[in-house]
Structure formats: structure tokens, C-alpha cells
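Visitor: can't give you the sequence, but here's the structure:
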């Protein structure tokens, strides 16, 4: 009887692990689908045309399909995304990342935004690829935001990272100074296999067929 109970417990534990793994894989697949939709939204946004010429010189892109930022007095923002590195006319497999920050001030409202970080400099890509990275002048990386309210292409020149944003809500301003970009190692390993690393993913040493649609879609835009 005790042996049966142990076997049953072991089976239940194994089932729980499989269900958790499947749920996480589903989260990753949904994020890829959302990233695809964000790429499609770029096509119809006049503001993005200002930065289109920069894409050919971009080192990589970080797509965050759903950034939530809101609060009263205390504010917080966060969202998951995917990082793809440019290689000639093609794009690498996407590595999973998260973007988060906290701020303090007279803030009120709630905003949800789609973001595409156009990574222009090698030092910016290297910093993001190597691990947890802070954005902003204090971290030595200049970030310029491009939105429908942007005026003139000169506003987006000279940044290590140019951010296209399309958001809704009453939140006043969208800034990234002090934001942290960090790889989601657990998601990467669950999706690509044990010991998958960001460098290996961006070098296409690992792959997953569920990423092909996003890679093809980005190639048609950029």
C-alpha cells in the first residue's frame, strides 16, 4: 500500500511538471504571436517611417508587445519581450527577455504600450546580451523614444537605442531611464532545451520551428 502511494505521488509530481512546462511553453508561444502583431502594427504607424532608414544599420531589435505602466505616487512598469540579432538580411532566433523598472513621483494614470527597441550600437547589444542591463545615460546608454508625437527624424539620431512606442491610456510620458533589461533564462531553456544561452540563441546554434513566422515577418519589414 505504501509502495502504491509512493508511485501515485511520483506520477502526480511528474504530471504537474509536464503541465507546468506546457503552460510555460504556451506563454512563450503567445508572446511570439504578440510580437508578430506588434511588427504588423509598425507598418501602419507614420511615426515609424522616421526610423525606417535606421533599421538597415541596426544590430538587433527587442520587441516588447505589452508594457504595462501605471500607478499613483508610486509607478511601475514591466513587460516581457524577445531579442533578435540581425545577420545580413536575416534575423536570429528570438531570445526571451523581460523589461522592468520602478519610479517615484507625482504620477497618475495607466498606460499600456507596444515597444520596439531598435538597438543601434554594438555596446548596447553587448550589454543586453551579456546579462542584466540598465538603460539610460547613467548606464552609459542613450535611449531615444519615437512615437506618434515625435517631430522630425533629427529627434531619433545619435541614440544607442531608439524606441518605437505605440500606447494608450492617460499616463503622462514614457521614459526608460533606469529600466532594467534581463534575459529570462528559464523561458529560454524551457523553449529551446537545457543549457540554451542567449549567445547560442542569437548565433542560431539552437532553434525552434515556432519562431519562424516572427523571423520571416521581421525580414519583410526590415
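Guide: Received, thanks. This one's a predicted model, so the numbers in the text were calculated from it and none came from an experiment. Numbering: from 1, shown residues only.
Visitor: centroid residue for the protein?
Guide: Centroid-nearest residue in the chain, with C-alpha atoms, centre = their mean: residue 81, separated by 2.2 Å.
Visitor: pretty sure that one belongs to a helix, no?
Guide: No: counting by DSSP: H, G, I helix; E, B strand; the rest coil, residue 81 is not part of a helix but strand.
Visitor: Surely residue 160 is in contact with residue 143?
Guide: Yes: using C-beta atoms under 8 Å, residue 160 is in contact with residue 143, at 7.0 Å. For glycine as for every other residue, the C-beta is placed from the backbone atoms N, C-alpha and C.
Visitor: isn't residue 86 right next to residue 59, touching?
Guide: Yes: contact criterion C-beta under 8 Å: residue 86 and residue 59 qualify, at 6.2 Å.
Visitor: my read: the residue nearest to the centre of the chain touches residue 97, true?
Guide: Yes: taking C-beta under 8 Å as the definition, residue 81 is a contact partner of residue 97 at 5.1 Å.
Visitor: what touches both of those two?
Guide: residue 62 (C-beta atoms under 8 Å, 6 or more residues apart in numbering).
Visitor: looking at this structure, which helix or strand is least sure?
Guide: Every helix and strand in the chain was compared by mean pLDDT, DSSP states H and E; the lowest is helix 2-42, with a mean of 63.
Visitor: Okay, buried residues for the helix or strand just after that helix please.
Guide: Later in the chain than helix 2-42, the nearest helix or strand by DSSP states H and E is strand 60-72. Buried residues in strand 60-72, counted by 16 or more other C-beta atoms under 10 Å: 60, 61, 62, 63, 64, 65, 66, 67, 69, 70, 71.
Visitor: Now flag whichever of these is closest to residue 125.
Guide: Nearest to residue 125 among those: residue 60, at 5.0 Å, using C-beta to C-beta.
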